[in-house]
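Engineer: Could you look at this predicted model? Sequence included:
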Amino acid sequence: MKRSAKYAGVFVLLAVSLSGQAFAQEQKAAIGGDAAVVLPIGHWSDATGIMLGPLARFEYEVSPQLLVTGRVGYLYGLRKSTDVLGVKTTYGINDIPLWGGVEYYFGEAADGLYLGGEAGLNFLSFNVKTEGDPLVGSTSGSSSETDLGLNAGAGYRMGDLDLRGSLCIFDLGHAGDSMGLMASVGYNFARF
């Protein structure tokens, strides 16, 4: 009787250990959020001010060193203005990004230094407002377009905290005219 109880105890311990390992292995996906800031460079800086906003993030671990990611959010471009002969013009660009990408980690797990890239759609809206024009008075207008974009950069992860820097191209068709440097701070809220 003692011998069967001993084996039963070992069996229970083994089952609990294996189920705990299986549960830990099943947690390959994560949901989080990023706070992003984009510093426009080149011609993009002529069209909008600094862009900032939140991004929701989804991650899936393909292997311990490789994650597939997706991000969606809203980047608000701070308005720029010019004043020529008393006519004030205010303009800016907003973006709703829908990006998918990968992150490759140099360590044995998805922690520490990584390289990352994303591609996807940028739903851009352009806004212009003029005031003080003696011929037409005040006017405003807006337009929108959807463009294919690309982000490439590097980051560092410490547990659920993610720091990233990237070069963003908001329109691959006009890459030289639509670039910005993006910095983001992110955090994973849930794993499953």
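Structural biologist: Arrived safely. From a predicted model like this one, the values you see are computed outputs, not experimental measurements.

Engineer: Tell me where the chain has strands.
Structural biologist: Using DSSP state E, the strands of the chain run over 29-41, 51-63, 66-73, 76-77, 80-84, 87-105, 112-133, 137-158, 161-169, 179-191.

Engineer: lowest-confidence stretch among those?
Structural biologist: The minimum mean pLDDT among those belongs to strand 80-84 (a mean of 90).

Engineer: Give me the contact list for that one.
Structural biologist: Outside strand 80-84, the residues that touch it by CB atoms under 8 Å, 6 or more residues apart in numbering are 47-49, 88-92. C-beta coordinates here come from the backbone N, C-alpha and C atoms, glycine included.

Engineer: The spatially most central residue of the chain and Pro97, how far apart?
Structural biologist: Most central in the chain under CA atoms, centre = their mean is Arg71, positioned 4.9 Å from the mean C-alpha point. According to CB to CB, to the nearest Å, Arg71 and Pro97 sit 7 Å apart.

Engineer: Spit out the residues that contact those two alike.
Structural biologist: Counting by CB under 8 Å, 6+ apart, the common neighbours of Arg71 and Pro97 are Leu55.

Engineer: Report the separation between the spatially closest residue to Gly173 that is not a sequence neighbour and Ser125.
Structural biologist: The spatially closest residue to Gly173, leaving aside those adjacent along the chain, is Asp147, at 6.6 Å (CB to CB, 6 or more residues apart in numbering). As judged by CB to CB, Asp147 and Ser125 stand 12 Å apart.

Engineer: again with His174
Structural biologist: 16 Å.

Engineer: likewise Ser81?
Structural biologist: Taken as CB to CB, the span from Ser81 to Ser125 is 18 Å.

Engineer: try Leu98
Structural biologist: As judged by CB to CB, Leu98 and Ser125 stand 14 Å apart.
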